[in-house]
Structure formats: structure tokens, C-alpha cells
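*Asks:* below are the sequence and a predicted model for it; my questions follow.
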Protein chains: 2
Amino acid sequence: MKCSAFIATSVDGFIARKDGNVDWLHTAGNQTVDMGNQADMGFYDYLKTVDCLIMGRNTMEVIANMNLSEEQWPYGDMRIIVLSSTVSEAPESLKGKISFFNGELRDLLAQLDADGFKHAYIDGGTTIQQFINEKLMNEMTIARVPVLLGEGIPLFGKPGIEVQLTDAETTAYPNDFVQVKYQLHYD
Amino acid sequence: MKCSAFIATSVDGFIARKDGNVDWLHTAGNQTVDMGNQADMGFYDYLKTVDCLIMGRNTMEVIANMNLSEEQWPYGDMRIIVLSSTVSEAPESLKGKISFFNGELRDLLAQLDADGFKHAYIDGGTTIQQFINEKLMNEMTIARVPVLLGEGIPLFGKPGIEVQLTDAETTAYPNDFVQVKYQLHYD
């Protein structure tokens, strides 16, 4: 089963401010250019390639607090699994949309595979790092947001393993965001 | 006086292993492609645009330990200033090639400016961060080396200030290195 991530970080490697705020994602870069049909920087095309979403609890809470309407909800009826060892009840705004998992990632993937899922979207800094460290992440698309935040929650904050990246596919957007898709290879 | 940096980091943001080793710089990426006249990824063209080099003591020691021959020495007769509050004598292999400075960066730049220098190349992680935090860095060229190291010496490790980056100029090399040149703007 393929696992991939699609994420944005500041050029100094942060995915959010220390308090989880991602306001800078929406104000960074050249706001004067017309992004045309590239405004989502490939996110909706990426979403079409995945059939389930695995995220950490922090990411779930960020999404829950957005209180997205049905129209704003980007994930359709995709199966969403939240990893948590402490929480097992969905916040009000996510009721009926998510399920919880507490256990080994390999067991989760085996179960999803048995259920016919082919490609999992992995979201959240801690969760992404965990998938890499367990050699389960196959592909990462990283957009570099043209700002130095100075401090925040890092994408690669925890000690990790060494991973070779290949097949870089680079897209330089007119708003100064630079996105690279890599394949991951483990020893 | 313009200040810029030209540096490579792993995709997870490290400029060296914990012990300073940069072996991975030379083994990462697709080694099978012919880089042609791009083998230096623009470094020698960049060197032609600068007229002095300011580096930290750690970087000086890395270079000193390379024991470069006159033929290997990349900096010509460029003026090289090493920032240090503790060292003021050059290692044997760098004698006659460097001078030391201990004081305020603004005073150093004022002095270089008075001496007719126009564009300083700033090298070393700590030194680069210091120039950014004092709002003296104007341009950064960052090459992302296609590897996750997992741990090491980070380019942006120290708490820093928030900086807007503009005019991204992206070069995707056939060996999977991706280089972006940014202009820095401070509030």
C-alpha cells in the first residue's frame, strides 16, 4: 500500500507557528500574481490519487476547529483515520467523518490493504515523521513557502533515519512557492 | 553593501552531520546523470559576483582541514574574514589567506564598504543566521540535497526573525538537487 504526504513548510522548515497557527500560509508569497488554475498548487489533483487519509490528533484538532461546512469539506467521503492513544471520540464538527486508531502503523496499513485501499495520504508533522521512521512513507510532495518564520513546529523536528530521495519533480509557482515531489528509498 | 549566502542543505534542513561531516553532499542525488557544465550548480558563477567572504570559525576549520592545494583553492585572492571572539591566528593551511574580526557585524560591513567592497559571501550556519537576525542578509541561494539525514547541524537552528522571501529563481538539476535563489525583505 502506497503512503504519501502533501505538505507545505516555510523555507526554514516549519509547518505551523508554535501555537499551531498557519495564517502565514495564506499571506506568504507574491499575492499580486494570477495563479489561474494553479491556485491549489496541485492539491485537488493529489487528493484524487488517494483513497484514505491518516492523520495525527493535532491535525484533526486543527481541522475540527476550522468548522468546515459541507461545501468547504475537501475530503469528500474519503475514509479518515486519526491516530491517537488518548482520544477515541470525534469532535462535534467531525462526527461521522473520522474513525480512530491506536496501535502499530503496520497493522493499520495491513487492515486498510485488506479492505482494498491502495494509497494513503499521511498528514501532520509527527505522523509524517513516524511513517518515515518506520520506513512506510513512499512519496513526499513538499511546498516551500517563501518565508522564514524563525520558530514554530518543524516538519522534521524529531530525530529521524537517513533516507535517499529520488525522482525530484519540481514546480516553481509564480507566487514564489516551490514544490518538489520526491520518492523515498530506505536501506 | 550586499550580503548573500550560497549553501546546500538536506531536505530536512541540515548543512552537516552532527560531527560536521559533509560526505553525504558528494554521494546524494542521482550519480548516474551527466551534469555537463552544471556540475558546480552555479557556484563558480556565484563566486564571480562576490568580492569578499565572511565566515564563522567552524567553517574556517572545515576548510582548514581540507588542506586545499593552491590549485584546489576556490577563492582566488578574495578577501576572507573569519568571525571569532576566541581565535585570532590562522591555521597553518590558511596562513596569509584570512584575517579575523571580533565585533559588531555592522561595523565590519561599514569598514568593508569604506574599503570599496560591494558584495560579501556569507558562509556557515551560525554566521548566516546571525546576518539574517541582524537584517543584513539580502539574498540566499539554497540547494536542497535529495536526502533526509534525520539529524545534524541545522541551517536554521537558532530562533530567528520572520523574513519575507521574494523573486524565487528555481533551478531543478538532473541529479535531483533543487536550488532556489531568494531575495530577503525585512519589516
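*Replies:* Structure's in. What do you need? Residues are numbered from 1 along each chain as shown, chains lettered A, B, ... in the order given.
*Asks:* how close does the most centrally placed residue in chain A sit to chain B?
*Replies:* Nearest to the geometric centre of chain A sits A:Asp123, at 3.0 Å (Cα atoms, centre = their mean). According to Cβ to the nearest Cβ, to the nearest Å, A:Asp123 stands 18 Å off from chain B. C-beta coordinates here come from the backbone N, C-alpha and C atoms, glycine included.
*Asks:* quick check: that residue touching A:Leu53?
*Replies:* Yes: with the criterion set as Cβ atoms under 8 Å, A:Asp123 and A:Leu53 qualify as a contacting pair; they are 6.5 Å apart.
*Asks:* all strands of chain A, in order?
*Replies:* Applying DSSP state E to chain A gives strands spanning A:2-10, A:14-16, A:52-56, A:79-83, A:99-101, A:119-123, A:139-145, A:147-148, A:153-154, A:163-172, A:178-185.
*Asks:* name every strand pairing with the last one and say which way it goes.
*Replies:* When you say that, I think you mean strand A:178-185. As defined by DSSP bridges, the strand partners of strand A:178-185 come to strand A:139-145 (antiparallel), strand A:163-172 (antiparallel).
*Asks:* mean neighbour count and mean pLDDT added to those, as CSV?
*Replies:* Listed next are the strands paired with strand A:178-185 as CSV, based on neighbours: other Cβ atoms under 10 Å in any protein chain shown; pLDDT from 0 to 100:
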stretch, mean neighbour count, mean pLDDT
strand A:139-145, 22, 98
strand A:163-172, 18, 98
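*Asks:* wait, which of those is closest to B:Val180?
*Replies:* Evaluated with Cβ to Cβ, those place strand A:139-145 nearest to B:Val180, the distance being 7.0 Å.
*Asks:* quick one, the closest one and strand A:2-10 angle?
*Replies:* Strand A:139-145 and strand A:2-10 meet at an angle of 10 degrees, taking axes from the mean of the first three to the mean of the last three Cα atoms, to 10 degrees as the criterion.
*Asks:* look up phi and psi at the residue of chain A most remote from its centre.
*Replies:* Among residues of chain A, the one most distant from the C-alpha centroid is A:Thr32; the distance is 26.6 Å, by Cα atoms, centre = their mean. When quoted as degrees, to the nearest 10, the phi and psi of A:Thr32 stand at phi -90, psi -10.
*Asks:* next to chain B, which bits of chain A? Give me the list.
*Replies:* Applying the criterion Cβ under 8 Å from any Cβ of the partner chain, the portion of chain A that neighbours chain B consists of A:11-13, A:24, A:28, A:30, A:132, A:142, A:144, A:146-151, A:154-156, A:159-168, A:170, A:172, A:176-178, A:180, A:182, A:184.
*Asks:* run the last query once more with 6 Å
*Replies:* Selection of chain A residues close to chain B by Cβ under 6 Å from any Cβ of the partner chain yields A:11-13, A:146-151, A:156, A:159-165, A:168, A:170, A:172, A:176, A:178, A:180.
*Asks:* among those, the buried ones, what's the ChimeraX command?
*Replies:* Command for ChimeraX that selects the buried part of the residues of chain A next to chain B, burial taken from 16 or more other Cβ atoms under 10 Å in any protein chain shown:
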select /A:11,12,13,146,147,148,149,150,151,156,160,162,163,164,165,168,170,172,176,178,180
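*Asks:* give me the distance between A:Arg79 and A:Thr49.
*Replies:* Computed with Cβ to Cβ, to the nearest Å, the distance linking A:Arg79 and A:Thr49 is 15 Å.
*Asks:* more neighbours: the two, which one.
*Replies:* In terms of neighbours (other Cβ atoms under 10 Å in any protein chain shown), A:Arg79 is the more surrounded of A:Arg79 and A:Thr49; the figures are 16 against 13.
*Asks:* name the nearest residue to that one, sequence neighbours excluded.
*Replies:* Take A:Arg79 and drop its neighbours on the chain: the residue closest to it by Cβ to Cβ, 6 or more residues apart in numbering or on different chains is A:Cys52, 4.3 Å away.
*Asks:* can you give me the neighbour number for that neighbour?
*Replies:* By other Cβ under 10 Å, neighbour count at A:Cys52 equals 21.
*Asks:* before we move on, what about A:Gln129?
*Replies:* Burial of A:Gln129 is recorded as 23 neighbouring residues (other Cβ under 10 Å).
*Asks:* quick one, what contacts it?
*Replies:* Residues near A:Gln129 by Cβ atoms under 6 Å, 6 or more residues apart in numbering or on different chains: A:Lys158.
*Asks:* per-residue confidence at it?
*Replies:* We have a pLDDT of 96 for A:Gln129.
*Asks:* the one 5 residues further on now?
*Replies:* Confidence at A:Glu134, expressed as pLDDT, is 97.
*Asks:* identify the residues contacting it.
*Replies:* The contact partners of A:Glu134, by Cβ under 6 Å, 6+ apart, come to A:Leu105.
*Asks:* if we go to 10 Å?
*Replies:* For A:Glu134, the set of contacting residues under the criterion of Cβ atoms under 10 Å, 6 or more residues apart in numbering or on different chains consists of A:Cys3, A:Glu104, A:Leu105, A:Arg106, A:Leu109, A:Ile161, A:Tyr186.
*Asks:* which one of those is nearest B:Lys118?
*Replies:* Using Cβ to Cβ as the measure, the one of those that approaches B:Lys118 most closely is A:Ile161, at 44.1 Å.
*Asks:* now that closest one: how far from A:Ile7?
*Replies:* Counting by Cβ to Cβ - A:Ile161 and A:Ile7 are separated by 18 Å.
*Asks:* do the same with A:Asn133
*Replies:* Using Cβ to Cβ, one obtains 16 Å as the distance from A:Asn133 to A:Ile7.
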